[in-house]
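Undergrad: Predicted model and sequence below, questions to follow.
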Amino acid sequence: MKIMLFGPQGAGKGTIGEMISEKYNIPLLSAGQMLRDAMKEGTEVGKIAEKYINEGNLVPPEVITDVIKERIIKDDCKDGFILDGFPRNLKQAELFGDKMDEIDYMIEFEAPMEVLMRRLTGRRTCRNCGAIYNIFPECAPHPKEEGKCDKCGGELYQREDDTEEAIKKRLNIYKEETEPILQKYNNRVVKIDAGDNPQAIFERVLKIIEK
Ligand code: AP5
Ligand code: MG
C-alpha cells in the first residue's frame, strides 16, 4: 500500500503518518525528517539542505527527488510506504514520473490557520529519532517526562524552522507551490478535516484506506 500525505505545516502529517505506519507496518518516509537526518550526519545532501531548511525554503527538486527514489527501493518498502512531504511542487511530481501513478491513496489534511500556528509553536521534536510531541495542553501527544522522548529517551528540541517567520514562509510556499499538485490530481486526492484530535483524524484515514 502506497500512501501520499499532503497538508500544510502543522496539519499532522508526521503525527498521523506515524500512527498509519504502526498499524500497517509500512515505513513513514518524511522528506523533511530525512533531510534533517542527512544534516545531522553531515552528508553531501545534508550540507546542501541546511541553508534551505533553516530559512523555511524548499531544497532543490532534483536533490529531494533522488533521496526519495533511492529510499523507496529499499527492502522495508516492498509492501508499501507512506510519503509525508513529497512531492511539494509540480516539478517534483514530474521528476517522480510513473511512480505517481503507483500511489494508492493521496490524502490531504486540512486545518484552520490558527490551529496550525499553535501546533507548530508548541511542537518539540526528538533530536535522536525525530518523534514528534507538543507542549501545549490542547495539542498532542505529550511526552511522559518533560523534554525527554518516550521512545528513545532522546532530548526534545524546537526545530530551527519553527520560528514564526519561517512558519509563515513555509505556509506561503505550500499555497503557491504545493496546492497546484492537489489541483492537478484533484480526482485522486481525498480531503479530510485534520482540525481535531489525532485519534479522530486517524479514524478518518482508516475509513479511506479500508473502504
Ligand atoms: P517538514 O519536516 O516536512 O516540515 P513541514 O512541511 O514544515 O511540515 P511539518 O512537519 O511542520 O508539519 P506536519 O504536518 O508533519 O505536522 P506535525 O505532525 O509535526 O519539512 C521541513 C523542511 O524540509 C521544508 O521546509 C523544506 O525546507 C524541506 N523539505 C521537506 N520536504 C521537501 C521537499 N519535498 N522538497 C523540498 N524541500 C523539502 O504536527 C505539528 C504539531 O502539532 C506537533 O507538535 C504535533 O504533536 C501536534 N499535532 C499534530 N496533530 C495534532 C492533532 N490532531 N491535535 C493536536 N495536536 C496535534
Ligand atoms: Mg512533519
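TA: Right, received. Where do you want to start? Ligands and ions are numbered 1, 2, ... in the order given.

Undergrad: Tell me if I'm right that residue 104 and residue 3 touch.
TA: Yes - shown here, residue 104 and residue 3 form a contact pair, counting by C-beta atoms under 8 Å, at 6.6 Å. C-beta here means a position set from N, CA and C on the backbone, and glycine is covered the same way.

Undergrad: who touches both of these two?
TA: residue 80 (C-beta atoms under 8 Å, 6 or more residues apart in numbering).

Undergrad: what residue is smack in the middle of the protein?
TA: With distances taken as C-alpha atoms, centre = their mean, the residue of the chain nearest its centroid is residue 84 (3.7 Å).

Undergrad: OK, contacts around that residue?
TA: Contacts of residue 84 (C-beta under 8 Å, 6+ apart): 5, 13, 14, 17, 28, 29, 30, 31, 32.

Undergrad: Okay, and the beta partners of the closest residue to the third one other than its chain neighbours?
TA: Nearest residue to residue 14 in three dimensions, chain neighbours excluded: residue 132, at 5.1 Å (C-beta to C-beta, 6 or more residues apart in numbering). Bridge pairing for residue 132 (DSSP bridges) gives the partners residue 125.

Undergrad: Can you get me a residue count around residue 199?
TA: 10 (other C-beta atoms under 10 Å).

Undergrad: doesn't residue 106 make contact with residue 208?
TA: No - applying C-beta under 8 Å, one finds residue 208 not in contact with residue 106, separated by 9.9 Å.
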